[in-house]
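[1] Here is my input; please provide its structure:
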Amino acid sequence: MRWLKFGFWMRFIGLLVWLLPLGLRAQNAVLRGRVLDAETHQPIPNAQVGVADNRLGTSTNDDGRFVLSIPPAYARERLTVALLGYRSHTQPLPPLPGPELRIELRISPAALGEVQVTGSVEGIVREAVARIPRNYPARATQLTGFYRESDNDSIGRPRYLVEGLLTVFKPDYRQPADDGDVQIRQARKVDLRPAGQAVRIDWAGGPFIAQFGDFVHRRAQFINPKHFRDYAYRLAPGSSYAGRPVYVVDFGPRNGSRRADCEGRLYIDQSSYAFLGAEWHFTATGLRRAGHDISTRRLRVAYQPYAGRWHLKTVWWQTRAKLPIGPPLSYFGEFLATAIDTANLVRPGYVDRAQEHDVFLRTTVAYDSAFWAGQTTLLPSVAVRQALLDQRRQQRADSLFRRSRTGADSSAASPASQPVPKESGLLRFLSRLSYGVAVGAWPLAGTGSELAVDFAPAGSGFALRGAAGVKAPKPALFTSFAYQFALSKSVELRVASTRVHGQFEGEGWQLGLSYQRNLRPRHRPLYGRAGLAYAPQSVARPVGTFDNPDAALRVAGTNLGADRLSARLQTFTQAVLPTLGLGLELTHQFELVADAGYLLPLRTRAQLQLAEESGFFLTRSSATRNLPDADVVLRVNGQPATSLPWQPQHWVLSVGLHYRLRP
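    A predicted model of the protein is given here:
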């Protein structure tokens, strides 16, 4: 996943959230079990546990344990446990509630033999790709799934742990370009990172591993016919799944290829040519394309059968990145599909669905312990639970030590009663900051003219004689860059700079307030916008660049000692600019805005401006003389004049993008 700077959310809700036993809640019963190897009696992780032909299911954790929430309607169904290389185990569900179920799996003899094939190994992969439409859903499906992510430090301890119940809408597998949608139904978290850090690193897009990791739906590079020439495929010792033989295919970059992003292993059912799963890592080429100084990225993905088709079951994702600030960090995410629905599909609307750039750690979905008590989750391993407990104990010890030093009450507060640390001042400021860019039209009125100007300040050695032609003015194009600071949920302070381009040039700025209100709160937001700003702006026509022999030249009290000076004639307008417009939210961070303003000039002056053209740009000076002026002779079409042949009009139109640093 990608990392994002300045990410931060609430620090600690309660460590006991992760240790709460799942008992009988509402109408669901909880089945607990442990899966072991029948010969070694060692726990078997990642075994697929399913009920009712895998309509409901979970997977075993690193300790081989699982928890499955069983609705009453499924009480008479059969329980199935399967894993590549083992014989599948099937039995009726035991009476619930009951003691932890012990299940032993035996190695399938097919895992020890060699698979004989005729033709090329690449041909097996090609056939599996060709059969995707018949092996995977040909219509949209909806998965209920459990998601977990953590951010581990340099010695592997989680700095935080976040879990969520997701609804994953998946289009049919004939549409690889459509990733579908993800909705976060519930979330819970423990953030054990030190409080008060000015800069934090967060990870974006975590729940989307349910989409990004689905290599069959997305046609990952190593199964994409467009990239077969970049990969070499070879057959590894065979295996079995649920009593069926499986092709095991190793893949990696072909000799001499620099375009292969991945290297790993595929599992393909021999009878149906269905992809049962894969495990792979990114090559050096793939890591460079991923960016963000990622040093490793590994994935493991498995599918499960249901109603004659194969559906996504699990995604395991790990990324290690060297970040601009601090030591390297490791992102770990895992997704587990716990239920499959092919009939009652409701694609989440814009307001409900998550977005790829969202930081899951900052989710605002409310936590509900009663909701979690009846849900199927993937149990954390003993190592993860112990690491969280150790860190919590250390934090508690540090808190007691500080209290004893200050003489405060040293009685330990419960985790639920401990205050949530506040964000630092910098982070609070950044959470209110946004910026935008825009292009617009600045309408001008006037006629085509020939300009000439003479300027020779008394007592100096400088003199200029400049000339320029002006075409009939058209709306001048301008660009704008704005910073906005939220004073409240709807009102923002806005500071913007503007620059005119084309036949004319010029600079300006705006300072004011803007207000917006969501006109469609239940759909993709459409904002009504209103603003009021003070807006000084110049619109100028250059008349040439001239040598300056006078190092002591002073114009309007400003020393202009550079060797070269540029001159331009300009109108300088000070105005009030009220605006009305609309803003359409494209993502949670980007908004497309369109505004129409009505310029109310307070004062407009004609000016001659001189500016230094040599020397370090930060030290260059400029000066203006208001017209008419005794030292300035202005001619328009050969006739003496005191004003310029263009004037700003009232209507100002602009279109742009608005970006929020932290949505």
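
[2] Check which residues of stretch 484-492 are buried.
    Neighbour counts over stretch 484-492 (16 or more other C-beta atoms under 10 Å) mark Gln484, Glu492 as buried. Glycine gets a C-beta too; all of them are placed from N, C-alpha and C.

[3] surely Ala456 meets Asp631?
    Yes: in this structure, Ala456 is within contact of Asp631 by C-beta atoms under 8 Å, at 6.6 Å.

[4] Can you report how many residues lie near Pro536?
    Taking other C-beta atoms under 10 Å as the criterion, the count of residues near Pro536 is 16.

[5] Contacts only, for it.
    Counting by C-beta atoms under 8 Å, 6 or more residues apart in numbering, Pro536 touches Gly508, Trp509, Phe572, Thr573, Gln574, Ala575.

[6] In ChimeraX, how would I select the buried members of these?
    Selection of buried members from the contacts of Pro536 for ChimeraX, criterion 16+ other C-beta under 10 Å:
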select :508,572,573,575
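
[7] Where strands are concerned, which of the contacts of Pro536 count?
    Applying DSSP state E to those, the entries found in strands are Gly508, Trp509, Phe572, Thr573, Gln574, Ala575.

[8] Closest to Pro92 out of those?
    Nearest to Pro92 among the ones in strands among the contacts of Pro536 is Trp509, at 75.9 Å by C-beta to C-beta.

[9] Nearest spatial neighbour of the closest one, chain-adjacent residues omitted?
    Nearest residue to Trp509, sequence neighbours excluded (C-beta to C-beta, 6 or more residues apart in numbering): Ser497, at 5.1 Å.

[10] and that neighbour, what are its bridge partners?
    Phe481, Trp509 (DSSP bridges).

[11] What of Asp191?
    Taking DSSP bridges as the rule, Asp191 bridges to Tyr160.

[12] At which residues are the helices of this structure located?
    Listed in chain order, the helices of the chain (DSSP state H) span 121-130, 132-135, 209-212, 215-218, 284-290, 369-373, 382-406, 425-432.

[13] what's the pLDDT at the closest residue to Val248 other than its chain neighbours?
    Using C-beta to C-beta, 6+ apart and skipping the chain neighbours, the partner closest in space to Val248 is Ala236 (4.2 Å). We have a pLDDT of 92 for Ala236.

[14] Tell me who's in contact with Ala236.
    Val248, Val249, Asp250, Arg265.

[15] now Pro253
    Here Pro253 is in contact with Asp230, Tyr231, Ala232, Ala260, Glu263, Thr283, Thr285 (criterion: C-beta under 8 Å, 6+ apart).

[16] please redo it, this time with the cut-off set to 10 Å
    222, 230-232, 259-263, 283-286 (C-beta atoms under 10 Å, 6 or more residues apart in numbering).

[17] same question, Leu464
    453-457, 543-548, 565-567, 608, 610, 632.

[18] related to what we said a few turns ago, what about the contacts of Pro253, which are in strands?
    Checking the contacts of Pro253 against DSSP E, those in strands are Tyr231, Ala232, Cys262, Glu263.

[19] Max pairwise distance over those: which two?
    Greatest spatial distance in those: Ala232 and Cys262, 12.2 Å, computed using C-beta to C-beta.

[20] Between these two, point out the one with more neighbours.
    Using other C-beta under 10 Å, the more surrounded residue of Ala232 and Cys262 is Cys262, with 24 against 16.

[21] Kindly provide the distance from the more buried one to Pro328.
    22 Å (C-beta to C-beta, to the nearest Å).

[22] what's the answer for Leu451, then?
    62 Å.
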